[in-house]
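based on what follows, work out the 3D shape:
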Amino acid sequence: MAGFFDKAILSETPDPLTITAGSPADDLTSHPAPADSADSEQRTGKRVREAAQELLKYGLLEENQKPNLYRTALTSSAQIADILEPLDLCMGIDEIRGLLFIRVRQDELAEEDEWSHPLVRRQRLNLEQSLLVAILRQHFIAYEQESGTGASQALIAVDDLIPQLQVYLGDPGSESKERTRVINLLDQLKAHGLVSAPDAHERVIIRPIIAHLASPANLQALLIWLREQLNRRLPAAEQTSDEFREERE
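Modelled structure (predicted):
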């Protein structure tokens, strides 16, 4: 026997055959929510999104580091271009070296410094870092001339970099200090994607993006300036030494 509450519920439940237009049930059946599949069909493919996100996160994609994302970005370059275009960015392609990298669209910033782009962080290198970049780039170009463009194992040892830096920066007076200085500089350049971490033999791999980081003209100007500073320093040191000698006499 149905109780009081059972009768009350049954009396308030509408007969499905007598539902009138405009009722809540009619809204549910006549206006179904859009299916998730419709939204997913309009979205960019997952792998293309991942490749674009990787490019924006690190600024580059290397074939030997992430081959799947590299191939996706390369074969979907038109879609990647559509993603980057509203940001005034584009994708640089260096297939010989297996390298894709983010570039600022120069046609949009023809008369402006590309560092003024709102999505590009100004990461100026100091004097020591810039000098090491110039030295590493010379080694990388020499390696490609010997092994062919696109070779990806441009190794250089810390011990080979120490005397080259000493020519311009001087000797700190301690071998351990000099080694620490070079290792710290390499670690700083590693954050820019220019070198790998040192291996067990204290060697690093020079990454191919270094070929695009700075123009040869800028690097040559840096080396000329450093030589000028060195030439000015030497006469000044000799003059001080002569004055000290005269005072003692």
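
how does this structure divide into domains?
Domain assignment for the chain by automatic domain parsing gives 46-110, 127-245.

lowest average pLDDT across those domains?
Mean pLDDT values for these show the minimum at domain 127-245, a mean of 80.

wait, A154 sits on Y143?
Yes. Between A154 and Y143 there is a contact at 4.1 Å, judged by C-beta atoms under 8 Å. Placement of C-beta: from N, CA and C, glycine included.

what is in contact with these two at once?
I206 (C-beta atoms under 8 Å, 6 or more residues apart in numbering).

these two - which one has more neighbours?
Shown here are A154 and Y143; by other C-beta atoms under 10 Å, A154 has more neighbours (21 against 18).

got the contact list for that one?
139-140, 143-144, 205-206.

just these: which are in strands?
Among the contacts of A154, the members found in strands (DSSP state E) are I205.

out of the contacts of A154, grab the one that's most surrounded.
Counting by other C-beta under 10 Å, top hit in the contacts of A154: I206 with 24 neighbours.

from the domains of the chain, which stretch is densest packed?
domain 46-110 (a mean of 16; mean count of other C-beta atoms under 10 Å).

bridge partners for the closest residue to V195 other than its chain neighbours, pull those for me.
Excluding the flanking residues, the one nearest V195 by C-beta to C-beta, 6 or more residues apart in numbering is V204, at 4.4 Å. When bridges are called by DSSP bridges, V204 pairs up with I156.

ok, V204 touching A197?
Yes. Counting by C-beta under 8 Å, V204 does reach A197; the two are 7.2 Å apart.

shared neighbours of these two, which are they?
K190.

could you look up the SS state of A200?
coil (DSSP: H, G, I helix; E, B strand; the rest coil).

from T180, how far off is it?
18 Å (C-beta to C-beta, to the nearest Å).

phi and psi next, for L61.
For L61, the backbone dihedrals (degrees, to the nearest 10) come out as phi -140, psi 130.

any idea what it is bridged to?
L100.

nearest spatial neighbour of L155, chain-adjacent residues omitted?
R203 (4.9 Å).

could you check how far that neighbour is from N126?
24 Å.

can you check I141 too?
For I141, the distance to N126 - C-beta to C-beta - is 23 Å.

nice, that's everything, thank you.
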